[in-house]
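Novice: no sequence on this one, just coordinates:
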């Protein structure tokens, strides 16, 4: 599932969810309500997107909204924003990010930790829109 574009001036999706991620997000939404992702540029789990109840992680000028998903199910919790630190975005601005799920616990405060699963990012270079 691809997100709606959110970076100003762009018409393409930068973020996608695998079916496993959509399924786990459905379970997490039942417990926590509307959710959000934030991808930091930090160490340790810096390459793992952290999932929080929407609004529990405060974003600001140091963050970029990369995409907005409309998840299946309850419309009240269907919107999911994917944010990234602006500094990290500078390194990853040429990649399509896909949120996937693997078995195992990551560190941090991401809401999937009690499930014995963790979200991770799979990345692929995006084609250069200026290339012939």
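Specialist: Yep, that arrived. These numbers were taken from a predicted model, which means no experiment stands behind them.

Novice: what lines up beside the helix or strand harbouring residue 118 in the sheet?
Specialist: Counting by DSSP states H and E, the element that carries residue 118 is strand 117-125. The sheet places strand 117-125 alongside strand 95-103 (antiparallel), with pairing taken from DSSP bridges.

Novice: buried residues in the strand it pairs with?
Specialist: Of the residues in strand 95-103, those buried under the neighbour-count criterion (16 or more other C-beta atoms under 10 Å) are 95-101. The way it works is simple: take the backbone N, C-alpha and C, and place the C-beta from them, glycine included.

Novice: Relative to the whole chain's centre, how far out is the strand holding residue 118?
Specialist: How far strand 117-125 lies from its chain's middle: 9 Å, per C-alpha atoms, centre = their mean, to the nearest Å.

Novice: repeat for stretch 96-109
Specialist: Worked out by C-alpha atoms, centre = their mean, stretch 96-109 lies 10 Å from the chain centre.

Novice: Can you give me the end-to-end span of it?
Specialist: Terminal residues of stretch 96-109 are spaced 24 Å apart (C-alpha to C-alpha, to the nearest Å).

Novice: same thing with stretch 73-82?
Specialist: Note: stretch 73-82 ends 18 Å apart using C-alpha to C-alpha.

Novice: Over to stretch 28-41?
Specialist: Using C-alpha to C-alpha, the two ends of stretch 28-41 sit 24 Å apart.

Novice: where in this structure is pLDDT low?
Specialist: Confidence mapping of the chain against pLDDT under 70 gives the ranges 42-47, 107, 128-132.

Novice: how about the strands in it?
Specialist: For the chain, strands defined by DSSP state E occupy the ranges 4-5, 15-17, 35-39, 50-53, 63-70, 79-85, 95-103, 117-125.

Novice: So which of those is nearest residue 27?
Specialist: With C-beta to C-beta, the closest approach to residue 27 among the strands of the chain belongs to strand 117-125: 9.6 Å.
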